[in-house]
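[1] Quick one: sequence plus predicted model below, questions after.
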Amino acid sequence: MKRRFLAVPALLAALLLAPAGPAAAPAASATAASDVLVTESGTRLALISCALRNTGSGWAVIADAGHQPSGCEAVVTHADHLELQHDVDAAKVSSLAVTVDETYAKSGLRVGASVGFDLSNIYLYSGTAGSAALNPASVSATNGNLWVQGYLVLPAA
């Protein structure tokens, strides 16, 4: 039984190899180019990952000495959700998860995402189940983050 558990990291390493080819330079408005991972079967996946933060002056993708986004171009604040733009020419959605960090977790903030090929809508909730989505502009913290990680399937090369 132990062998199966120890083999999981090796299996993941084998499935997700080094980036396929040189990364494209980000567009002027982009915060980071997408990393492309290739599975053993040849499926190409665009990594979508970033930390989102609102310190009081609006939500932004963090790209600094301690944070490296991948594939996330911008975040737009709407009255009831955040729109994360990640146009990587996807053919299918594999997965995307958004989680809160410890700052937002202790305040009871919950998040959920509706994922698309070129953008994802992130909804913030507080209170009981069935509560209306919060206005993201009203949610801020000096060092609170939303963590985004996902994979979008790219067309065959």
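    The structure has been received and is ready for your questions.
[2] Can you report phi and psi for L47?
    Main-chain dihedrals, L47, degrees, to the nearest 10: phi -80, psi 130.
[3] hmm, I was thinking of E73
    Residue torsions, per degrees, to the nearest 10, at E73 are phi -90, psi -40.
[4] can you count the residues close to it?
    22 (other C-beta atoms under 10 Å). Backbone N, C-alpha and C define where each C-beta goes, glycine included.
[5] Wait, it touches E83, no?
    No. Using C-beta atoms under 8 Å as the test, E73 is too far from E83 to be in contact (10.6 Å).
[6] what about the protein, any weak spots by pLDDT?
    Across the chain, residues meeting the criterion (pLDDT under 70) sit at 1-33.
[7] Repeat the analysis, applying 50 as the threshold.
    1-31 (pLDDT under 50).
[8] residue boundaries of the helices in it?
    Remark: helices assigned in the chain by DSSP state H are 2-15, 102-105.
[9] Spell out the residue ranges of the strands in the protein.
    35-38, 44-54, 59-61, 74-77, 82-85, 92-100, 110-115, 119-125, 146-153 (DSSP state E).
[10] Can you get me a residue count around V111?
    What V111 shows, counting by other C-beta under 10 Å, is a neighbour count of 22.
[11] what does L146 give?
    Neighbour tally, L146, other C-beta under 10 Å: 25.
[12] roughly how far apart are it and V38?
    28 Å (C-beta to C-beta, to the nearest Å).
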